[in-house]
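Engineer: no sequence on this one, just coordinates:
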């Protein structure tokens with residue numbers, strides 16, 4: 001397997017790819033920055049009796065806005081083009097992201113987080129669509145792989161900064177969102193609207209409405225994709241949003257200490273990206289089952305942890321699964337969508353993924369009420385995900401076994417189809 005540097009050397013449209021990779025991190029950045037600060041923000045609003053539930057929902061509020069806005073973003077992307085929507089959504093991401101630094105009112109902060117989510121819906125829908133537009137299948141997988149490698153480096157740096165900044169001022173973390181203004185300038189300089197050509201793997205044109213012979217929207221496929229993505233996302237965000245509360249339950253209360261203990265394990269997301277790359281030739285069921293196994297096995301370990309080392313070990317396993325999750329889900333989704341429906345389809349994917357983000361802290365709070373602790377909620381989440389892992393692995397391995405058995409009716413798949421089309 002080639003190293004990330006070897007992969008990068010053979011890529012095309014490198015400035016555009018780098019900007020897309022960084023931009024794709026912005027919606028995740030909006031959550032990753034918050035988990036070391038979550039206990040301190042709850043403490044700041046301690047005079048509110050519902051702060052324990054309201055503050056995590058404020059943190060995940062962008063997910064609700066994304067879930068509502070993303071399908072509309074997909075529609076506008078397909079009808080009117082990619083780049084104008086992406087550029088201005090990034091600018092206002094910086095405006096609404098930094099706004100809570102100047103506020104001390106929970107409802108107003110909640111409102112700015114919802115507006116931030118509208119911007120994130122556009123950003124994520126467009127960047128995932130551009131990955132499909134700028135490159136062929138191999139190029140997409142290479143850039144998704146590099147996105148999986150770059151993400152943890154960015155996340156680790158942000159996590160390491162978040163704790164100390166929060167100790168200086170409870171809402172100091174929101175100033176970090178100003179990085180969006182730099183990305184806005186880079187987008188204006190380097191990104192261009194892709195143009196459609198009939199030949200495969202060439203940059204397509206999406207400035208015109210879909211042609212009348214585009215074919216029906218793949219409703220059944222997107223119902224399956226949406227359901228799996230919603231479930232996966234709710235599990236994906238269990239630690240990202242509620243992880244600071246787990247550390248507090250075993251005695252780690254300092255935001256700086258939480259950041260320090262989390263920064264190194266977050267680098268193992270890169271290993272997850274490598275595992276995704278290694279499983280690139282496997283059926284989608286194997287890829288999805290593998291990330292559920294690692295992600296939720298790690299959650300189960302954290303839920304059962306009685307010491308800091310065991311908690312950190314569980315976090316390492318969980319982060320490997322995190323590194324596989326988004327690339328696996330996006331790669332699978334893109335196999336279901338022709339060009340003419342890609343923007344809307346990925347808008348639906350984005351909506352499901354981020355509705356999972358918003359619902360995750362609510363589900364954790366419900367499970368905490370049943371089990372009596374946040375760690376108990378992690379056990380419930382981990383067990384549910386392991387069931388999904390078993391289903392995915394069984395389905396994927398079964399399809400692989402069937403594929404290698406020669407039969408009289410076996411046919412070579414036509415160009416543009418993969419095993420994953422039925423996974």
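Structural biologist: Here it is on my side, so go on. What you are looking at is a predicted structure, and each value in this text was computed from that prediction instead of being measured.
Engineer: so where's this protein uncertain?
Structural biologist: For the chain, applying pLDDT under 70 flags the ranges 1-10, 148, 196-214, 398-423.
Engineer: residue closest to the middle of it?
Structural biologist: residue 326 (5.1 Å; CA atoms, centre = their mean).
Engineer: do you know how far it is from residue 218?
Structural biologist: Per CB to CB, to the nearest Å, residue 326 is found 21 Å from residue 218. No exception for glycine: its C-beta is placed from N, CA and C like everyone else's.
Engineer: next one: residue 359
Structural biologist: 25 Å.
Engineer: compare the two (neighbour count), which wins?
Structural biologist: Taking neighbours as other CB atoms under 10 Å, residue 359 and residue 218 compare with residue 359 leading, 19 against 15.
Engineer: any idea how far the helix or strand harbouring the more buried one is from the middle of the chain?
Structural biologist: Assigned by DSSP states H and E, residue 359 falls within helix 339-371. How far helix 339-371 lies from its chain's middle: 10 Å, per CA atoms, centre = their mean, to the nearest Å.
Engineer: who does it touch, helix- and strand-wise?
Structural biologist: Helix 339-371 is packed against helix 51-80, helix 106-134, helix 219-249, helix 308-334, helix 374-404, with contacts defined by 3 or more CB pairs under 8 Å, 6 or more residues apart in numbering; DSSP states H and E.
Engineer: and of these, who's closest to residue 167?
Structural biologist: Of all these, helix 219-249 sits nearest to residue 167, with 13.2 Å by CB to CB.
Engineer: tell me the angle of that closest one relative to helix 374-404?
Structural biologist: If you take axes from the mean of the first three to the mean of the last three CA atoms, to 10 degrees, helix 219-249 sits at 140 degrees to helix 374-404.
Engineer: what is helix 219-249 packed up against?
Structural biologist: For helix 219-249, the packing partners by 3+ CB pairs under 8 Å, 6+ apart come out as helix 14-32, helix 38-44, helix 51-80, helix 255-266, helix 284-304, helix 308-334, helix 339-371, helix 374-404.
Engineer: next, the angle helix 14-32 makes with that helix.
Structural biologist: Orientation check (the same axes, to 10 degrees): helix 219-249 against helix 14-32 gives 50 degrees.
Engineer: ok now helix 219-249, how far from the chain's centre?
Structural biologist: The answer for helix 219-249 is 9 Å, by CA atoms, centre = their mean.
Engineer: which parts of it are buried?
Structural biologist: For helix 219-249, burial by neighbour count (16 or more other CB atoms under 10 Å) applies to 221-222, 225-226, 228-248.
Engineer: neighbours around the residue nearest to residue 311 when sequence neighbours are not counted, how many?
Structural biologist: Nearest non-adjacent residue to residue 311, counting by CB to CB, 6 or more residues apart in numbering: residue 305, 3.8 Å away. The number of residues packed near residue 305 is 21, by other CB under 10 Å.
Engineer: give me the contact list for stretch 369-379.
Structural biologist: 238-239, 242, 245-246, 249-250, 299-300, 302-305, 363-365, 367-368, 380 (CB atoms under 8 Å, 6 or more residues apart in numbering).
Engineer: can you give me the end-to-end span of that stretch?
Structural biologist: Terminal residues of stretch 369-379 are spaced 13 Å apart (CA to CA, to the nearest Å).
Engineer: next, the buried residues of that stretch.
Structural biologist: Quick answer for stretch 369-379 (16+ other CB under 10 Å): 374-379.
Engineer: could you do stretch 175-194 as well?
Structural biologist: 176-177, 179-180, 183-184, 186-187, 191, 194.
Engineer: give me the distance between the nearest residue to residue 215 once chain neighbours are set aside and residue 288.
Structural biologist: In space, residue 215 comes closest to residue 338 once its chain neighbours are excluded; the distance is 6.6 Å by CB to CB, 6+ apart. Noted for residue 338: a distance of 22 Å to residue 288, by CB to CB.
Engineer: what do you get for residue 158?
Structural biologist: Residue 158 is 27 Å from residue 288, by CB to CB.
Engineer: what about those two, which has more around it?
Structural biologist: residue 288 (28 against 22).
Engineer: count of neighbours near the residue nearest to that one when sequence neighbours are not counted?
Structural biologist: Once flanking residues are discounted, residue 288 sits nearest to residue 392: 4.3 Å by CB to CB, 6+ apart. By other CB under 10 Å, 24 other residues sit near residue 392.
Engineer: didn't residue 392 look like it was pressed against residue 292?
Structural biologist: Yes: counting by CB atoms under 8 Å, residue 292 is a contact partner of residue 392 at 5.9 Å.
Engineer: give the contact list for the nearest residue to residue 345 once chain neighbours are set aside.
Structural biologist: Nearest in space to residue 345, with sequence neighbours left out and distances taken as CB to CB, 6+ apart, is residue 337 at 4.0 Å. Applying CB under 8 Å, 6+ apart to residue 337 gives the contacts 132, 218, 221, 345-346.
Engineer: is residue 337 within a helix or a strand, and which one?
Structural biologist: Using DSSP H and E, residue 337 falls outside every helix and strand.
Engineer: kindly provide the distance from it to residue 27.
Structural biologist: Distance, residue 337 to residue 27, using CB to CB: 20 Å.
Engineer: now residue 311
Structural biologist: Residue 311 sits 27 Å away from residue 27, going by CB to CB.
Engineer: what does residue 149 give?
Structural biologist: 18 Å.
Engineer: higher neighbour count, these two?
Structural biologist: Neighbours per residue (other CB under 10 Å) separate residue 149 from residue 27, with residue 27 holding more: 25 against 22.
Engineer: what sits against that one?
Structural biologist: Contacts of residue 27 (CB under 8 Å, 6+ apart): 62, 66, 120, 123-124, 354.
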